[in-house]
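> sequence and predicted structure, then a few things I'm wondering about:
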Amino acid sequence: MKRAFDMAVSAVLLLLLAPVLLLIAVLIRLDSPGRVFFLQRRVGQGRSEFRIVKFRTMVERDPDAIDQHAEVVVSGGVDPRITRVGRFLRATSLDELPQLWNILRGDMSIVGPRPVIPEQLVAVPQEYMCRFDVRPGLTGLAQVRGRRSLGWLEQLAADAEYVRDHSFIYDLKLMLLTVYVVLTAKGVYGEEGQNWRAYRDEIQARQKQAGDE
């Protein structure tokens, strides 16, 4: 039932939002040179990889050439890499709309843990690997609880909680909460929790210390 719901909703939304998607595409091209869409490798259900589709919000960059381990974290919404249109798209989460195509294809679901990049796997403790038992989502429990304001482990804990408790009714509740979060821009900018790179560095530091001892 969840898959049928995902297919029906994503197909209808793609048709209804086609004029909006076209307008955003035109604005992106007028605002800065480069591609309209940003395709990036992500890890989905069963830890299989797929290409996620988003509207480009930064200056033109080759996704496969980005060093994710050394990538600078966007903080406070002030980043010269983000375009003018991109800042608006991020604040309103409109940059995520092309992922309706990923949902229609079966890569993702409307509700589920957000798909991680391959480099983040090293920072996922074993007790949270259950997040990969379900399809990743356009939105999820971590997104309605605080988005960027949550620390990395808090996000993973929310993902694991969703996998344990999810149901069709629960998904509908999270979808409604997502509308509120998007309209209020809650958690988009402001104080951010510990990111995955900081947690990875802690792990490496502990491993090095244990090795030295």
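Cool, the structure landed.

> chain center to stretch 89-97: distance?
Put simply, stretch 89-97 sits 11 Å off its chain's centre (C-alpha atoms, centre = their mean, to the nearest Å).

> just the CA coordinates for it, please, in CSV.
The C-alpha trace of stretch 89-97 is given here as CSV (Å, rounded to 0.1, in the frame of the first residue of the first chain):
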residue,chain,number,x,y,z
LEU,A,89,14.9,27.3,-2.9
ARG,A,90,16.6,26.0,0.2
ALA,A,91,14.6,28.1,2.5
THR,A,92,11.4,26.8,1.0
SER,A,93,12.6,23.3,0.4
LEU,A,94,11.6,23.7,-3.3
ASP,A,95,15.0,22.4,-4.3
GLU,A,96,13.8,18.9,-3.2
LEU,A,97,10.8,18.8,-5.6
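
> in that stretch, what's buried?
For stretch 89-97, burial by neighbour count (16 or more other C-beta atoms under 10 Å) applies to 89-90, 93-97. C-beta: built from backbone N, CA, C; applies to glycine.

> and the furthest pair within those residues?
Greatest spatial distance in those: R90 and L97, 12.2 Å, computed using C-beta to C-beta.

> one step back: need the buried residues of stretch 89-97 in a markdown table (columns: secondary structure, pLDDT and distance to K2).
A markdown table is the format used below for these (DSSP: H, G, I helix; E, B strand; the rest coil; pLDDT from 0 to 100; distance: C-beta to C-beta, whole Å):
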| residue | secondary structure | pLDDT | distance to K2 |
| --- | --- | --- | --- |
| L89 | helix | 93 | 28 |
| R90 | helix | 88 | 28 |
| S93 | coil | 89 | 22 |
| L94 | helix | 94 | 25 |
| D95 | helix | 95 | 25 |
| E96 | helix | 95 | 19 |
| L97 | coil | 96 | 20 |
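
> pipe these into TSV and attach distance to V9 per row.
Below are these laid out as TSV (distance: C-beta to C-beta, whole Å):
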residue	distance to V9
L89	21
R90	23
S93	16
L94	17
D95	19
E96	14
L97	13
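
> so how far is stretch 81-88 from its chain's centroid?
That offset, for stretch 81-88, works out to 17 Å (C-alpha atoms, centre = their mean).

> that older thread, quick check, nearest of the buried residues of stretch 89-97 to E49?
Checking those one by one against E49 (C-beta to C-beta), the nearest turns out to be E96, at 18.9 Å.

> okay, G77: pLDDT?
pLDDT recorded at G77 is 53.

> just the one 4 residues further on next, same as before
Looking at R81, its pLDDT reads 85.

> wait, doesn't it sit right on I66?
No: with contact taken as C-beta atoms under 8 Å, R81 and I66 are classed as non-touching, separated by 10.7 Å.

> okay, the two: which has more neighbours?
I66 (14 against 11; other C-beta atoms under 10 Å).

> can you pull the contacts of D201?
Residues near D201 by C-beta atoms under 8 Å, 6 or more residues apart in numbering: none.

> next, it: secondary structure please.
What DSSP: H, G, I helix; E, B strand; the rest coil gives for D201 is helix.

> can you tell me how far the residue positioned nearest the centre of the chain sits from L153?
The chain has R114 as the residue nearest its centroid, 4.8 Å off, counting by C-alpha atoms, centre = their mean. Per C-beta to C-beta, to the nearest Å, R114 is found 15 Å from L153.
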